[in-house]
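Need a 3D model of the following:
(2 chains)
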Number of protein chains: 2
Amino acid sequence: MGMELPSYADVVAAQARIAPHVHRTPVLTSRMMDEQAGASLFFKCETLQKAGAFKARGAANAVFGLSEAQAARGVATHSSGNHGTCLAYAAGRRGIPCTVVMPRTAPQAKKDAVRGYGGRVVECEPSTTSREAVFAGVLAETGAEFVHPYNDKRVIAGQGTCSLELIEQAPDLDAVIAPIGGGGMVSGTCLALSQAAPRVRIYAAEPEQADDAARSFRAGHIIADDAPVTVADGLKVPLKALTWHFVSRHVTDILTVSEAEIIAAMLLIWKRLKIIAEPSSAVPLAAVLKNPALFAGQRVGIILTGSNVDLDRLPWQQGA
Amino acid sequence: MGMELPSYADVVAAQARIAPHVHRTPVLTSRMMDEQAGASLFFKCETLQKAGAFKARGAANAVFGLSEAQAARGVATHSSGNHGTCLAYAAGRRGIPCTVVMPRTAPQAKKDAVRGYGGRVVECEPSTTSREAVFAGVLAETGAEFVHPYNDKRVIAGQGTCSLELIEQAPDLDAVIAPIGGGGMVSGTCLALSQAAPRVRIYAAEPEQADDAARSFRAGHIIADDAPVTVADGLKVPLKALTWHFVSRHVTDILTVSEAEIIAAMLLIWKRLKIIAEPSSAVPLAAVLKNPALFAGQRVGIILTGSNVDLDRLPWQQGA
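Residues are numbered from 1 along each chain as shown, chains lettered A, B, ... in the order given. Below you'll find the predicted structure:
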């Protein structure tokens, strides 16, 4: 199919390229959480990453890998989530234009975040047709480089740097688990660890109400759902060709959890780790607590992916 | 007056003694926060400390410095705040008894936290007379070692380890600022930095509505208020002889802030640093933002002291 895959060398190169622009995020532990899980948990806090999400890694790798000529025309993407904010952040660091196409119905806070980093928001109607038309217009008008939220080799290589740090900070892990939406973080983890720590089992965790990746994994081909509804709003998007490549080859299993389990795990992270995590970040912990036999007595890395949450509307206060 | 002061050597000894029992907490930075403050801010995250507060340091130093004979009789304190929880944590680590006397009106969560670490809660009436009588009874009954929340040389030396870490993690600071209640953290900071980094100016920050330390500082002697009311509930207690010694000699100034300024700074910490901080932790940031001329262009260490907050009752949702 002529698909160009990122390599392990791309991850290593990304690590050097993005180092000045992203945090080496801390790994937190909690004895009480370990007792509850019956395992030793190592929480990689991408919640504390620049712009509040691991996606700063992939975005920075894409932006800082551009030639001067490409960079002058800027970057563009469509995203109403963390990727748009993180791409604006990275573009701002390089001082190049960034356009993010977003439905006009997207939360004001997301639009403000893109603009806060100097990005331009172009609104479309909340439909795929409108988004594609508006986005094509943006590319034609600007000549900007499209940086897809996850189906992009530069982005996947950038996300892979997270797990390279994790295995240095928490040696001898038995397993790593990350949430799965489009699969960018999980693919980066597969790419990095299949070379650097092939003994580590890789799990993905997904909301039951947006379980397209789990069903894809069992079916052996990509299944995409139409507009799933879950509190973990970063995980609604489907796998694509590049991420399917890694997920289908390197993931041990995809575990699913209910909405109530996600919210309970989110509250546990806030209470025990004392950090702010968005619902998507809590999905792996929920999966670990739901499947104690899989992880009993093991050293498990849990990637907390982001912290962009509305502090005036917390799910345990709203009944989700 | 025969008061036995802790020495710098006590801080260095504390660092080795408590290392297995406390976190070396991370220092976080935020470019957006720096822009807002007009200074380079380095946030020392004792919010991520064991048991959720810097007081784990002083408590661990006291508990692990006890002889076997003393340790067998356990430790005791009176506290409805973080010190009680942290003393129970440290005693639990050593496997010795811990009794915390607390008003029966104290929040259930505080009692649960002490018990969660294996401590015993003994309730008193919410008056000084009752507390003193009940506490005397506990000491007589158990022979436990009294570990005062701050007027204790072991506790002050333990708190000083925080600033020793901070100046390693954020070199060449111009100033350090910490909240002041009884003055344990500020005294430890004075003790550590007056020797290890004497060029660093030390500020304390206090709620206007509980400004007894600021008034003491200007008057030249300890002033204690009766039952001040502030959202920063860790900062209601007065200075005592040991902490007055350090505060009066080494602090550059004590800055005060309003309740609204505290809550706004707390929300800013949650939004920008993506960590959970209790109101007391936000008082120094509020003071830095209120006094830009004092810190313009400088490198400022801000000690975030604790993260024990009721997630169902956030001050910006309640109008405090």
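
For the rest of this, base every contact and every neighbour count on C-alpha atoms.
Will do.

Residue A:145 - nearest residue in space that isn't next to it in sequence?
Distances taken as C-alpha to C-alpha, 6 or more residues apart in numbering or on different chains put residue A:75 closest to residue A:145, at 4.5 Å, once the chain neighbours are dropped.

Could you report the pLDDT at the closest residue to residue A:118 other than its chain neighbours?
Excluding its sequence neighbours, the residue lying closest to residue A:118 (C-alpha to C-alpha, 6+ apart) is residue A:92, at 6.0 Å. Residue A:92 carries a pLDDT value of 98.

Just list the residues touching residue A:92, thanks.
A:98, A:117, A:118, A:119 (C-alpha atoms under 8 Å, 6 or more residues apart in numbering or on different chains).

Among the residues you listed, find me the one that's closest to chain B.
The shortest approach to chain B among those belongs to residue A:117, at 9.5 Å (C-alpha to the nearest C-alpha).

List, one by one, the residues from the stretch 201-320 of chain A near chain B.
A:270, A:271, A:273, A:274, A:275, A:276, A:277, A:307, A:311, A:312, A:317 (C-alpha under 8 Å from any C-alpha of the partner chain).

What about the residue of chain A at minimum distance from chain B, how many residues nearby?
Closest residue of chain A to chain B, C-alpha to the nearest C-alpha: residue A:275 (4.2 Å). Look at residue A:275: counted by other C-alpha atoms under 10 Å in any protein chain shown, it has 24 neighbours.

Touching, it and residue A:266? I think so.
No. In this structure, residue A:275 is not within contact of residue A:266 by C-alpha atoms under 8 Å, at 10.0 Å.

Stretch A:232-239: how far from the chain's middle?
9 Å (C-alpha atoms, centre = their mean, to the nearest Å).

what domains does the record give for chain A?
A:8-53+A:152-318, A:56-146 (automatic domain parsing).

Show the end-to-end separation of the shortest one, please.
The one in question is domain A:56-146. 16 Å (C-alpha to C-alpha, to the nearest Å).

again, but for stretch A:141-157
First-to-last distance for stretch A:141-157 - C-alpha to C-alpha - comes to 29 Å.

Averaged pLDDT, it. What do you get?
Stretch A:141-157 comes out at a mean pLDDT of 98.

got it, and stretch A:207-216?
Stretch A:207-216 comes out at a mean pLDDT of 97.

about what we covered before: could you work out the most separated pair of the contacts of residue A:92?
By the measure C-alpha to C-alpha, A:98 and A:117 form the most distant pair in those, at 9.5 Å.

picking that back up, let me see the confidence value for the residue of chain A closest to chain B.
97.

what's the residue lying closest to it once chain neighbours are set aside sitting at in phi/psi?
Using C-alpha to C-alpha, 6+ apart and skipping residues adjacent in sequence, the residue nearest residue A:275 is residue B:275, 4.2 Å away. Backbone dihedrals for residue B:275, given as degrees, to the nearest 10, come out at phi -130, psi 160.

show me what contacts residue B:275?
Applying C-alpha under 8 Å, 6+ apart, the residues near residue B:275 are A:274, A:275, A:276, B:47, B:269.

can you check residue A:131 too?
Here residue A:131 is in contact with A:78, A:101, A:102, A:103, A:124, A:125 (C-alpha under 8 Å, 6+ apart).

still on that earlier bit, any common contacting residues for residue A:98 and residue A:117?
A:88, A:92.

out of the two, which sits in the more crowded spot?
The residue with more neighbours, out of residue A:98 and residue A:117, is residue A:98; 31 against 20, by other C-alpha under 10 Å.

Phi first, then psi, for that one.
Torsion angles, degrees, to the nearest 10, at residue A:98: phi -140, psi 130.

list the contacts for it?
Contacts of residue A:98 (C-alpha under 8 Å, 6+ apart): A:74, A:75, A:76, A:87, A:88, A:91, A:92, A:118, A:119, A:120.

For residue A:2, give me the pLDDT.
At residue A:2, pLDDT is 61.

now what about the lowest-mean-pLDDT helix or strand in chain A, what contacts it?
The weakest-scoring helix or strand in chain A, judged by mean pLDDT, DSSP states H and E, is helix A:315-318 (a mean of 76). The contact list for helix A:315-318, computed with C-alpha under 8 Å, 6+ apart, reads A:231, A:263, A:264, A:267, B:312.

who touches the third one in this structure?
By C-alpha under 8 Å, 6+ apart, the contact set of residue A:264 is A:286, A:316.

please redo it, this time with the cut-off set to 6 Å
By C-alpha atoms under 6 Å, 6 or more residues apart in numbering or on different chains, residue A:264 lies in contact with nothing.

element containing it, please.
Using DSSP states H and E, residue A:264 falls within helix A:259-268.

For residue A:113, which non-adjacent residue is closest in space?
Nearest in space to residue A:113, with sequence neighbours left out and distances taken as C-alpha to C-alpha, 6+ apart, is residue A:85 at 6.0 Å.

That neighbour and residue A:116 touch, don't they?
No. If you go by C-alpha atoms under 6 Å, residue A:85 and residue A:116 don't touch, sitting 8.8 Å apart.

neighbour-wise, which of these two wins?
Each of residue A:85 and residue A:116 has its neighbours counted (other C-alpha under 10 Å); residue A:85 has more, 30 against 16.

How far off centre is whichever helix or strand the more buried one is part of?
Taking DSSP H and E as the definition, residue A:85 sits inside helix A:82-94. Centre-to-centre, helix A:82-94 and its host chain are 14 Å apart (C-alpha atoms, centre = their mean).

Equivalent analysis for stretch A:227-246, please.
How far stretch A:227-246 lies from its chain's middle: 10 Å, per C-alpha atoms, centre = their mean.

any idea of the mean pLDDT for that stretch?
What stretch A:227-246 shows for mean pLDDT is 94.

count of neighbours near residue A:96?
Residue A:96 has 18 nearby residues by other C-alpha under 10 Å.

and it, how far is that from residue B:70?
65 Å.

again with residue A:281
45 Å.

ditto for residue A:79
62 Å.

Of the two, which one has the most company?
More crowded of residue A:79 and residue B:70, by other C-alpha under 10 Å: residue A:79, with 19 against 15.

ok, the more buried one - contacts?
residue A:102.

just so I have it, where are all the helices in the stretch 51-200 of chain A?
Under the criterion DSSP state H, counting those that start in this stretch, the stretch 51-200 of chain A contains helices at A:55-64, A:68-73, A:82-94, A:108-116, A:128-142, A:153-169, A:184-196.

thinking again about what came up before, just the ones in strands from the contacts of residue A:92, please.
residue A:98 (DSSP state E).

Could you single out the nearest of the contacts of residue A:92 to residue A:245?
So of the contacts of residue A:92, ranked by how close each gets to residue A:245 (C-alpha to C-alpha), first place is residue A:98, at 28.7 Å.

Give me the secondary structure label for residue A:302.
strand (DSSP: H, G, I helix; E, B strand; the rest coil).

I figured it was touching residue A:43, is that so?
Yes. Shown here, residue A:302 and residue A:43 form a contact pair, counting by C-alpha under 6 Å, at 4.9 Å.
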